[in-house]
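Peer 1: I need the structure of the sequence given here:
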Amino acid sequence: MIPTSGRTFVFAMAIFISAVVCTGYITWQHTEEWSNPVHAAEPGNLPYSSNQTNPTVAYINGAAIDEREFHLFLAQVKALVSGYFQQKYDANDSPSFWTTSFQGEVPFEKAKQLALERMKRVKVQQLLAQQYGLLEDPDYSSFLDKWAKENQRRKEAVNNHRVIYGPQQYDEWGYYTYVYSTMVNQLKAALSDREEPLSEQELIDQYEELKGKLYQGFGQLKALKIVIPYSTLPGIPNETAKLEAKAKIDQIKLRLEKGEDIQELRQSLKRDETSHWIIEELVINEDQLRRRDIHNPDELMMNEALSLPAGQISGVLEMTPNSFGLIQTVERKEGDYRPYREVKDSVRQRMIDDRYESKVKQLLEAAKVVIMEQGYQQIQMR
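Peer 2: From the prediction side, this is the model:
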């Protein structure tokens, strides 16, 4: 066996998805932005690719978009576009789906626009990386050559029983996202080095702004857990006992909602000789959260308690084995803030990320996209 690790690849995918999907999400939420923000090329203004097998479909800030690269992005938005039309228009998949107009919206045109928007975000960053000397050539043919060489290297490593990290072979999209995310990390570092360094006061101010959201411990939560079991025969549910238990705990919930004192309620349930009530205090702290176990019988109760504000009562929970329960949060104590010195690097990285996103936003706003109609219209959904 060749030891491999997918951690690098998974991390790369996460970065790329968070960066690129954001553009797609905004585009879908603001459909007015789907009005064509690009220009068709005037005859003779820009060269048409001499490679008729892989024509140029557009130019982004002068960089040619190869049909193969466009298809790569088109494939990534296919499911999103299909789901959008299914949800909005109850449109079903059919041979004519992609070319049918739904109140003026055509799925294939939407898919091409969304793919182009995502490509624009990637391409402006690639061109910036080229300016900084981090990317030799943003052309897609160059990427394909590197992809082939990387897979050949991995194949030889596997055959020679050498350790590799990530998949044994990258697929096209997987390698694209890996290369892209690596480039983004390098760009962030380069921009950070060239821009004015973040001052200590800027970091402290950012810490103060974020500490309540990101750098505060859980603290402690106390809750009252009430459970009523019901009896069954082996393998045969006792429906009568189940219905009676459900009715009883519904009454308990009602009494709690009316404000009955918890201690009085506890004594009342102890006097109920017809049921074996379980009434316990549940205490949840940060250490318990770190050691959570899905097999813990209190896991369902913990999940419910964590979602409730102090004083609120849960709905009735059907639990196993053969019981109903509910929980009421009694007290929440906020945790301590993590000291600035412990999270300083995290604060700095967040500020670097924010600066980078501002830079990308500026590039996107200034980007010029020119459609090559001949190549663009030849695109087909695969």
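
Peer 1: low-confidence ranges in the stretch 201-350 of the chain?
Peer 2: Across the stretch 201-350 of the chain, the ranges flagged by pLDDT under 70 are 232-237.

Peer 1: can you pull out the strands in it?
Peer 2: Ranges of strands in the stretch 201-350 of the chain, per DSSP state E, counting those that start in this stretch, are 220-229, 278-285, 317-319, 323-333.

Peer 1: next one: the stretch 1-150 of the chain
Peer 2: With DSSP E, counting those that start in this stretch as the definition, the stretch 1-150 of the chain shows strands at residue ranges 39-40, 56-60, 63-66.

Peer 1: quick one on the thing from earlier: so which of the strands of the stretch 201-350 of the chain is the most packed in?
Peer 2: Ranked by mean neighbour count, these are led by strand 220-229 with a mean of 20 (mean count of other C-beta atoms under 10 Å). No exception for glycine: its C-beta is placed from N, CA and C like everyone else's.

Peer 1: which other residues reach that strand?
Peer 2: Strand 220-229 is contacted by residues 245, 248-249, 252, 262, 269, 275-285, 298, 301, 305-306, 308, 319, 321-333, 335 when judged by C-beta atoms under 8 Å, 6 or more residues apart in numbering.

Peer 1: so which of the strands of the stretch 1-150 of the chain gets nearest Ile313?
Peer 2: Among the strands of the stretch 1-150 of the chain, the nearest to Ile313 by C-beta to C-beta is strand 56-60 (55.9 Å).

Peer 1: Name the residues of that closest one that are buried.
Peer 2: Residues of strand 56-60 classed as buried: Thr56, Val57, Ala58, Tyr59, Ile60 (neighbour count, 16 or more other C-beta atoms under 10 Å).

Peer 1: now swap in stretch 99-108 and tell me
Peer 2: Glu105, Pro107, Phe108.

Peer 1: Next one: Ser82 from Asp93, what distance?
Peer 2: Separation of Ser82 from Asp93 (C-beta to C-beta, to the nearest Å): 7 Å.

Peer 1: Then Arg68?
Peer 2: Relative to Asp93, Arg68 is positioned 25 Å away (C-beta to C-beta).

Peer 1: Tell me which of those two has more neighbours.
Peer 2: The neighbour comparison of Arg68 against Asp93 (other C-beta atoms under 10 Å) goes to Arg68, with 16 against 10.

Peer 1: thought that one was touching Asn54?
Peer 2: Yes: taking C-beta atoms under 8 Å as the definition, Arg68 is a contact partner of Asn54 at 5.4 Å.

Peer 1: hmm, back to that, quick one: closest of the strands of the stretch 1-150 of the chain to Val122.
Peer 2: Nearest of the strands of the stretch 1-150 of the chain to Val122, taken as C-beta to C-beta: strand 56-60 at 9.1 Å.

Peer 1: Quick check: neighbours of that closest one in the sheet, parallel or antiparallel?
Peer 2: For strand 56-60, the pairing partners within the sheet under DSSP bridges are strand 63-66 (antiparallel), strand 369-371 (antiparallel).

Peer 1: Let me know which of those is tucked in deepest.
Peer 2: strand 63-66 (a mean of 22).

Peer 1: now it, how far from the chain's geometric center?
Peer 2: 29 Å (C-alpha atoms, centre = their mean, to the nearest Å).

Peer 1: same thing with stretch 59-75?
Peer 2: The answer for stretch 59-75 is 25 Å, by C-alpha atoms, centre = their mean.

Peer 1: now do stretch 144-155
Peer 2: The chain centroid and the centroid of stretch 144-155 are separated by 29 Å under C-alpha atoms, centre = their mean.

Peer 1: Report the buried residues of it.
Peer 2: Quick answer for stretch 144-155 (16+ other C-beta under 10 Å): Leu144, Trp147, Glu150, Asn151, Arg154.

Peer 1: Setting the sequence-adjacent residues aside, check what's closest to the first one.
Peer 2: If the residues on either side of it in the chain are set aside, Leu144 comes closest to Arg68, at 7.6 Å by C-beta to C-beta, 6 or more residues apart in numbering.

Peer 1: From Glu273, how far off is the one you found?
Peer 2: Relative to Glu273, Arg68 is positioned 77 Å away (C-beta to C-beta).

Peer 1: Kindly report the same for Arg255.
Peer 2: The spacing between Arg255 and Glu273, counted by C-beta to C-beta, is 19 Å.

Peer 1: between the two, which one's more packed in?
Peer 2: Between Arg255 and Glu273, counted using other C-beta under 10 Å, Arg255 has the larger neighbour count: 14 against 6.

Peer 1: The more buried one touches Leu265, doesn't it?
Peer 2: Yes: at 6.3 Å, Arg255 and Leu265 qualify as touching, with contact defined as C-beta under 8 Å.

Peer 1: can you list residues touching both of the two?
Peer 2: By C-beta under 8 Å, 6+ apart, no residue touches both Arg255 and Leu265.

Peer 1: which stretches of the stretch 51-200 of the chain aren't confidently modelled?
Peer 2: Confidence mapping of the stretch 51-200 of the chain against pLDDT under 70 gives the ranges 51-53.

Peer 1: if you set the cut-off to 50 instead, what comes out?
Peer 2: The model of the stretch 51-200 of the chain has pLDDT under 50 over residues 51-52.

Peer 1: Pull the number of nearby residues for Glu67.
Peer 2: Neighbour tally, Glu67, other C-beta under 10 Å: 22.

Peer 1: Let me see the contact set for it.
Peer 2: Taking C-beta under 8 Å, 6+ apart, we find Glu67 in contact with Asn54, Pro55, Thr56, Val57, Gly375, Gln378, Ile379.

Peer 1: Help me confirm that the second one comes into contact with Gln378.
Peer 2: The reference is to Pro55. Yes: judged on C-beta under 8 Å, Pro55 makes contact with Gln378 at a distance of 6.6 Å.
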